[in-house]
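In: below: sequence and its predicted model.
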Amino acid sequence: MATASAIDVVMPQMGVSVSEGTITKWLKQEGEQVAADEALLEISTDKVDTEVPSPGSGVLQQILVQEGETVDVGVKLAVIVPEGAAAEAPPEEAPPAPATQEAAAQAEAPSSSEGETPAPAQEPVSEPAPPPEPVAPEPVAPVAEPAAPVVHEPAPVEADGTGERTFVSPVVARIASEHGVDVSQISGTGRGGRVTKKDILAFVESGAQAAPAAPEAPAPPEAPAVEPTAPTPEPEPAPAAPAPPPAPSPPEPEPAMAQAQAELTPGETFEPVSAMRRGIAEHMRRSLDTSAHVTSAIEVDMSRVVEIRKKLKREYQQAYGVNPTYLSFVARATVETLREYPWINGELRGDQIVTRNYVNLGFAVELADGKGLIVPVVRHAEGLNLLGMARSVSEIAARARDKKLLPDDVQGGTFTITNPGGYGTFHGTPVISQPQAAILGTYAVVKRPWVISDDRGQDAIAIRPIMNLTLTYDHRLVDGALAGRFLRDLRERLETWDESKY
Amino acid sequence: MAEKTYLQAISDGLRQEMRRDKRVFVIGEDVGVYGGAFKVTLGFQEEFGPWRVIDAPLSETAIVGGCTGAAIMGMRPVAEMQFADFISCAWDQLVTVAAKQRYRAGTPVPIVVRLPSGGGFSGGPFHSQNPESSFAHIPGLKIVCPATPEDAKGLLVSAIEDPNPVLYFEHKHLYRRLKADVPDDRYTTPFGKARIHREGDDVSVITWGAMVHTADDAAKQLEGDGISVEIVDLRTLVPWDKHAVLASVSKTSKAIVLHEDTHTGGFGGEIAATIAEEAFEELDAPLKRITAPDAPVPFSPPLEKAFIPQVENVAAGIKELAEY
């Protein structure tokens, strides 16, 4: 039997800090043909919403995770049976005997909520021999929600030591999920020790929920899946902020999003917190808790850049349809400068300092709906000239705004540029995108009276386009002098822009 | 403003509308000379004459059919059934003709059918029923169930104004039992707008008609136990105020639907289903229905007491949910 074995579709890793994803839509139904790389389903995570391409060609035999469900990275979502193998698949796939069927179910417990077998008409009783090999070759994430606080189903609650399982009502489940509370940590006053709405609200208001709420903490089980791929530029999450163990109920300082939810007062309205907003909130808080943020600023005379840009603009737009923005000039000069400042392009990982021979440049982009921010990454930016940089930035920013980013687009950044200057702001202190060491802020180019030296060496006041740049850096790794030198060199590059080089 | 019984409020509202609008007339069995079985129209014939206060033959079909025709011709008839139970005789005229007329021909059918309903005084199986859910199921009919004298007047005026057939369920047990201030001036009480009869935090009781007061007595009893009960008086079942119900359920997360009508197919099922559909994630306990059992209303006073939800039953139900 030349049977190609079944192909598993699994929840992809959408970024180092993402541990789970939600199926938003199946684009193919069971029984439909699907070609390799054809869009198979849409998923949503706190980083990106994206389509997942089919890992192979064949027939979508079975969907294991339905729309709306959230599962951990690595969990099997569907099975594709390759072309030609479909007919023969059942004997191979179908668990031979009821006894072993149990084993099969256990082997892939996390996914098989729908029942695993593709309705085998007859069971090949004749050969009960080969124990059903786990269809999923990769380590399947464990069943029960690991770190994620989302309560999907009644969590067992110990009732007066009898080990009795009591019911988690819909409203309690919802509040638990909204606040990242583990219901089993709460002592219930309802019937049989059930946690009532009042119990959980009191618990949340006491500020005790805190601990296990960090959904970004990489769940231990999935680590091996990522780790062995050794020298790839995939930065592992910094072990800097391990999730604290779930404390029973000591009042703790509130984490980012988990303030006690007070009643609405007149004039106020509630709006649900999106997964992305939750992710941003958690990341911002964690970054401030991790890095020692310090900001230095410098003023740059952009005369030369303005002049060159004016010249290139027409050429770039006519020939390539690309606008050479100020941002692309700054990005280009930044990448050049980072070459000489590896620590600013580096990372503090445990007790090691990581430096790199490449720059993956992140750009903070606001979403089109104005309700979120994402940092897509231009990979190997050190290989791009000004035209390439301008094109990459505009392309990736457009996809970010329209939520069309792919998982790879948001991971592996080594340095980030944020550009709030479009609104005329001239200074800011952005937050570092972890686990990076620094973030560059670029601000509005403004015409200002500027003291220059005239050709006789005398001071004179001229009108010059000035832009402020800030470097916010992790003072644990980067000293003020180093940051100062970096900004000085960056200014130098911009003020004496050498067309032949860039 | 004067203190009036529920019955006086209905009577006053009707009289005011008849004085105000010549198109309004009443028709029913013994509504004229006798003044109505419960004396709601006492003195009406003297004031408005036999052409506007019409004693009809013993035929509910004729009464509702006549009203429908008159309404199509531009009148504003108010029919009285001696007992709500007898409306079944007029089912065809109401359900097949009046309820569909506007859809079929575009002509409004502004009729009001007054329905003295409910039990509690040994009226037996033909004189004690609450058939509101049968008609709530029929598109084209509106259902009104006032619980207070003030609403009795305001909802009657709204019913007369409404261009659709309106079934106005007036609870007989409230007629003379309830007394409260009722504004003298004309006013309307809008349809589809529930009234929070009592505010509370622990359990919502959603009800209408006489059961509002049963629930209120139960809530008072439970005050001592520290249980805070919210009572939502729907006022009208078609249309019913879904938003008010969902808001109350969101607040308390525990809900009882209470009605005097029998259990299966009662309107409480509709409310419970809607809560389950639209407020599932707000619930902290199973929904509970407290209703009459699926049986005819008994004559015997002790049996009738066992049949109609009593304060003790409601209090026990609330307590059970509060402790869940």
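Out: In hand now; what should we look at? Residues are numbered from 1 along each chain as shown, chains lettered A, B, ... in the order given.
In: C-alpha from now on. contacts and neighbour counts both.
Out: Noted.
In: and the next helix or strand past the longest helix seen in chain A?
Out: Determined from DSSP state H, the single longest helix within chain A is helix A:303-320. Heading C-terminal from helix A:303-320, the first helix or strand you meet, by DSSP states H and E, is helix A:326-338.
In: kindly report the residues of the stretch 151-300 of chain A close to chain B.
Out: A:169-174, A:190-191, A:194, A:196-197 (Cα under 8 Å from any Cα of the partner chain).
In: list buried residues within those residues.
Out: Neighbour-count burial (16 or more other Cα atoms under 10 Å in any protein chain shown) applied to these gives A:169-174, A:190-191, A:194, A:196-197.
In: okay, those residues in JSON lines with secondary structure and pLDDT next?
Out: JSON lines is the format used below for these (DSSP: H, G, I helix; E, B strand; the rest coil; pLDDT from 0 to 100):
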{"residue": "A:Ser169", "secondary structure": "coil", "pLDDT": "93"}
{"residue": "A:Pro170", "secondary structure": "helix", "pLDDT": "93"}
{"residue": "A:Val171", "secondary structure": "helix", "pLDDT": "93"}
{"residue": "A:Val172", "secondary structure": "helix", "pLDDT": "93"}
{"residue": "A:Ala173", "secondary structure": "helix", "pLDDT": "92"}
{"residue": "A:Arg174", "secondary structure": "helix", "pLDDT": "90"}
{"residue": "A:Gly190", "secondary structure": "coil", "pLDDT": "88"}
{"residue": "A:Arg191", "secondary structure": "helix", "pLDDT": "87"}
{"residue": "A:Arg194", "secondary structure": "coil", "pLDDT": "91"}
{"residue": "A:Thr196", "secondary structure": "coil", "pLDDT": "93"}
{"residue": "A:Lys197", "secondary structure": "helix", "pLDDT": "92"}
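In: biggest separation within those residues, which pair?
Out: The most widely separated members of these, counting by Cα to Cα, are A:Arg174 and A:Arg191 (19.5 Å).
In: any low-confidence regions in the chain?
Out: Looking at chain A here, since you left the chain open. A:1-4, A:15-17, A:47, A:84-166, A:208-262, A:502 (pLDDT under 70).
In: ranges for the helices of it?
Out: In chain A, the helices defined using DSSP H lie at A:89-93, A:98-107, A:170-179, A:197-205, A:223-226, A:275-290, A:303-320, A:326-338, A:386-401, A:480-495.
In: for A:Thr355, which of those is the nearest?
Out: Nearest to A:Thr355, of all these, is helix A:326-338, at 10.8 Å by Cα to Cα.
In: helices or strands up against the closest one?
Out: In terms of contacts (3 or more Cα pairs under 8 Å, 6 or more residues apart in numbering or on different chains; DSSP states H and E), helix A:326-338 is packed against helix A:303-320, helix A:386-401, helix A:480-495.
In: just to revisit the earlier point, so which of the helices of chain A is nearest B:Ala215?
Out: helix A:197-205 (23.3 Å).
In: can you list the helices and strands that the closest one packs against?
Out: Taking 3+ Cα pairs under 8 Å, 6+ apart as the contact cut, helix A:197-205 packs with helix A:170-179.
In: run the angle between the helix it packs on and helix A:197-205 for me.
Out: Put simply, helix A:170-179 runs at 10 degrees to helix A:197-205, going by axes from the mean of the first three to the mean of the last three Cα atoms, to 10 degrees.
In: which helices and strands does helix A:170-179 pack with?
Out: Looks like helix A:170-179 contacts helix A:197-205 (3+ Cα pairs under 8 Å, 6+ apart).
In: what about A:Ile280, how many residues close to it?
Out: 18 (other Cα atoms under 10 Å in any protein chain shown).
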